[in-house]
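Engineer: requesting a structural model of the entry that follows:
(one chain, ligands or ions: 2)
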Amino acid sequence: MRFGFAPPIDRLLNGGLERGCITNFFGPPASGKTQIAMCACASALKKGMKVAFIDTEGGFSFERLSQLFPEHEKFLHKLLLSEPCTWEEQKNVIAELEKIKNLELIIVDSIVALWRLELNQENVFSINQELAKQLATLAKLARKLNIPVLITNQVYADTETGELELASRNVVKWWSKNLIELMHAGRANCRIAIVRKSRSIPEGRKIEFEITEKGMKEVKFRLL
Ligand SMILES: Nc1ncnc2c1ncn2[C@@H]1O[C@H](COP(=O)(O)OP(=O)(O)O)[C@@H](O)[C@H]1O
Ligand SMILES: [Mg+2]
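Structural biologist: Ligands and ions are numbered 1, 2, ... in the order given. A predicted model of the protein is given here:
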C-alpha cells in the first residue's frame, strides 16, 4: 500500500508515495518542494507515524505544520527533526538514521543544498561519492523497513547548455526510483507535477494543483 498524503499527488502517483524506495521531487525555487515535504510530514503525524525530517535549508515551519494539522502538538514525540548546517553534519545525520527504531517515513529537504555549497573543482569526485553513499543508506533503509523515503532536489541553470538539470545529475537520478518534476503553472499558488521516471506509472503523466492553507487541491478547470 502506498502512503497517501495529499489528494492531487496521490492521484498522480496511484495512491501516494511508493514504499521501499526513494521518491524525488525536483524543481526550481518556490515550485512547491518544501510544501510537498511538509504535507507528507503532517499527514504521517496525523496517522501516528514516526517521521524523520531532515531540513537542510531551514524550510521546515511549525506555523505551516499547524495550518496543515492543527492538533500536531499531540504527535510531536513522533517527529524527529534535524537541521544540519554543513555537509559533514548531513552525512552524520543520515548515518544516524540507521540506529532509529520503527521509522515509518524519512524526508530530506533538500538532499543537495549543502552538497552544492561544498562542491568545487577539486572535490567533485569524492563529494559525489559521499552523496551516493548517503543515497545508498536512504535506499537501504527504505527497502529494509519497507517505508517511503521522500527527497527534494533543486534544479540549477546549467551554464553550458542553458538547460535546467538536476543539480546532482546522474547520482540522484540513479538512486531515485521515482522522479517527479514540479513547475510553476502561471497562476498564483498553482503548480504542475509531472512524472519523469517511475516503475509503474507512465512517464509524462501530470497534474495541476493549488497550494492552499490546508494543503493541496487539484485544479480541475482552467480558464485560458
Ligand atoms: N499557506 C499557504 N497558502 C498558499 N500557498 C502557500 C502557503 N504557504 C506557502 N505557499 C506557497 O508555496 C510556495 C513556496 O513553495 P516551497 O515549497 O517553499 O518551494 P520550494 O521548496 O520548491 O522552493 C510559495 O511561493 C507560496 O506560493
Ligand atoms: Mg524548499
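Engineer: what residues does this structure put near ligand 1?
Structural biologist: Contact residues (Cβ under 6 Å from any ligand atom) of the chain with ligand 1: 27, 29-35, 59, 67, 189, 211-213. The C-beta positions use only the backbone N, C-alpha and C, and glycine is treated the same way.
Engineer: pull out the buried residues from those.
Structural biologist: 27, 31-35, 59, 67, 211 (16 or more other Cβ atoms under 10 Å).
Engineer: return the residues in contact with Glu73.
Structural biologist: Ser66 (Cβ atoms under 8 Å, 6 or more residues apart in numbering).
Engineer: out of the residues of the chain next to ligand 1, which touch ligand 2?
Structural biologist: 33-34, 59 (Cβ under 5 Å from the ion).
Engineer: got the contact list for the closest residue to Lys78 other than its chain neighbours?
Structural biologist: Excluding its sequence neighbours, the residue lying closest to Lys78 (Cβ to Cβ, 6 or more residues apart in numbering) is Lys50, at 5.0 Å. Counting by Cβ under 8 Å, 6+ apart, Lys50 touches 78, 80, 100, 102-105.
Engineer: identify all contacting residues around the helix of greatest length in the chain.
Structural biologist: For the chain, the helix that runs over the most residues, judged by DSSP state H, is helix 124-145. With contact meaning Cβ under 8 Å, 6+ apart, helix 124-145 is reached by 19-22, 87, 90-91, 94-95, 97-98, 103-104, 106, 108, 111-112, 115, 118-119, 147-149, 151, 168, 171-172, 175.
Engineer: burial measure for the residue nearest to Leu79 when sequence neighbours are not counted, as a count.
Structural biologist: Excluding the flanking residues, the one nearest Leu79 by Cβ to Cβ, 6+ apart is Val51, at 5.4 Å. Neighbours of Val51 under the rule other Cβ atoms under 10 Å: 22.
Engineer: follow-up on the earlier one: can you tell me which two in the buried ones among the residues of the chain next to ligand 1 are farthest apart?
Structural biologist: Gly27 and Gln67 (21.6 Å; Cβ to Cβ).
Engineer: still on that earlier bit, closest one to ligand 2 out of the buried ones among the residues of the chain next to ligand 1, please.
Structural biologist: Lowest distance from ligand 2 to these (Cβ to the ion) belongs to Thr34, with 3.3 Å.
Engineer: what about the closest one, which SS state?
Structural biologist: Here Thr34 is recorded as helix under DSSP: H, G, I helix; E, B strand; the rest coil.
Engineer: tell me the first helix or strand C-terminal of the helix or strand containing Val172.
Structural biologist: Val172 belongs to helix 170-175 when assigned by DSSP states H and E. Sequence order places strand 178-184 as the next helix or strand after helix 170-175, per DSSP H and E.
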